[in-house]
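J.: my questions are about this predicted structure, shown below with the sequence.
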Amino acid sequence: GQQVMQIPQYQHVQEGEDFTTYCNSSTTLSNIQWYKQRPGGHPVFLIQLVKSGEVKKQKRLTFQFGEAKKNSSLHITATQTTDVGTYFCAGKGAGSYQLTFGKGTKLSVIP
Amino acid sequence: DTAVSQTPKYLVTQMGNDKSIKCEQNLGHDTMYWYKQDSKKFLKIMFSYNNKELIINETVPNRFSPKSPDKAHLNLHINSLELGDSAVYFCASSQDRYNYGYTFGSGTRLTVV
C-alpha cells in the first residue's frame, strides 16, 4: 500500500531559526496536504498542493510539491513559540480516496 | 458553532465493555472519516463514508463498527474493548472524497483499563 515517510521525527530550534520538514511518498500523488496539531489538540488543515512543482506561501510558511509529485516540504522562516506542534503531511494517491498521513515532525521552539 | 463535534471527549472504561463515540458535522460535507491516533501520534484511517455509503474500510478488528444514519453523522461502536484500543479517535469531514482538506473534530481520548 501507499506509504508516506516524513523526516525528521523531532526538531528543536532556537526561536528565530528556520525549520524544514520533508515528506516522501512511495507512489505518485494526486495531491498533498499539510496539517498542524498543537499539543493536546487536533490536526488543523493548513494547505493543499496539487500541481507538479507548486510553491505556496502562508506568511512565514512555504510549502513545495516536487516535480515528480512524490515529495513535498514545509519551511518555516524565523520560528516563533506559536509554531510549536506536530506538522503532518498527508498524501492521496492517483485515483484513491484515501489520505495517508506521514508520522509527523514534532517542532519544539526554545525561547 | 463547532464544525465537527465528537462526544464524549474522554472515555474511561473497563476491558470487555462496549462503547460508542458519536460525531456530527454542520459543514454540509459529503464525506466523513474515523482516524485513530496512537501514543506515538501516528494517524491511521479506519473508515470513511461518503453520503452514507462506506468507501474506506481499513483492516481493523471487526469489533469496530461504524454507522452513518445520514451524511452529517458518523458514529463508531466498539465491542469487547481491549487494552490496545486505548488511543485518541478523531472524526473528520471533507467537502467530498477527492481534493479537499479535512476538518477534524477535537477527538475522543479512550482509555481502557
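T.: Good, I have the coordinates.
J.: from now on I want contacts and neighbour counts done on CA atoms only, so please keep to that.
T.: OK.
J.: return the helix or strand in chain B with minimum mean pLDDT.
T.: Here the helix or strand of chain B ranked lowest by mean pLDDT, DSSP states H and E is strand B:53-57, holding a mean of 87.
J.: for that strand, name the packing helices and strands.
T.: Contacts defined by 3 or more Cα pairs under 8 Å, 6 or more residues apart in numbering or on different chains; DSSP states H and E place strand B:53-57 against strand B:43-50.
J.: so does the strand it packs on get close to chain A?
T.: Yes. Taking Cα under 8 Å from any Cα of the partner chain as the criterion, strand B:43-50 and chain A are in contact, through B:43, B:44, B:45.
J.: who touches that strand?
T.: A:99-103, B:30-37, B:54-60, B:66, B:68, B:71, B:74, B:96-97 (Cα atoms under 8 Å, 6 or more residues apart in numbering or on different chains).
J.: write the ChimeraX selection for whichever of those residues are buried.
T.: One line in ChimeraX is enough to select the buried ones among the contacts of strand B:43-50; burial here means 16 or more other Cα atoms under 10 Å in any protein chain shown:
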select /A:99,100,101,102,103 /B:30,31,32,33,34,35,36,37,54,55,56,66,68,71,74,96,97
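J.: so who does the closest residue to residue B:92 other than its chain neighbours touch?
T.: Distance criterion Cα to Cα, 6 or more residues apart in numbering or on different chains; nearest residue to residue B:92, sequence neighbours excluded, is residue B:104 at 4.1 Å. Residue B:104 makes contact with A:42, A:43, A:44, B:4, B:90, B:91, B:92, B:93, according to Cα under 8 Å, 6+ apart.
J.: name the nearest of these relative to residue A:3.
T.: residue A:43 (19.4 Å; Cα to Cα).
J.: excluding its backbone neighbours, what's nearest the closest one?
T.: Among residues not flanking residue A:43 along the chain, residue A:37 sits closest, at 4.3 Å (Cα to Cα, 6+ apart).
J.: and if you look at residue B:39?
T.: Going by Cα to Cα, 6+ apart, residue B:39 has residue B:87 as its nearest residue, at 6.6 Å.
J.: may I have the phi/psi pair for the one you found?
T.: When read as degrees, to the nearest 10, the backbone of residue B:87 gives phi -180, psi 180.
J.: also residue A:81?
T.: According to degrees, to the nearest 10, residue A:81 has phi -60, psi -20.
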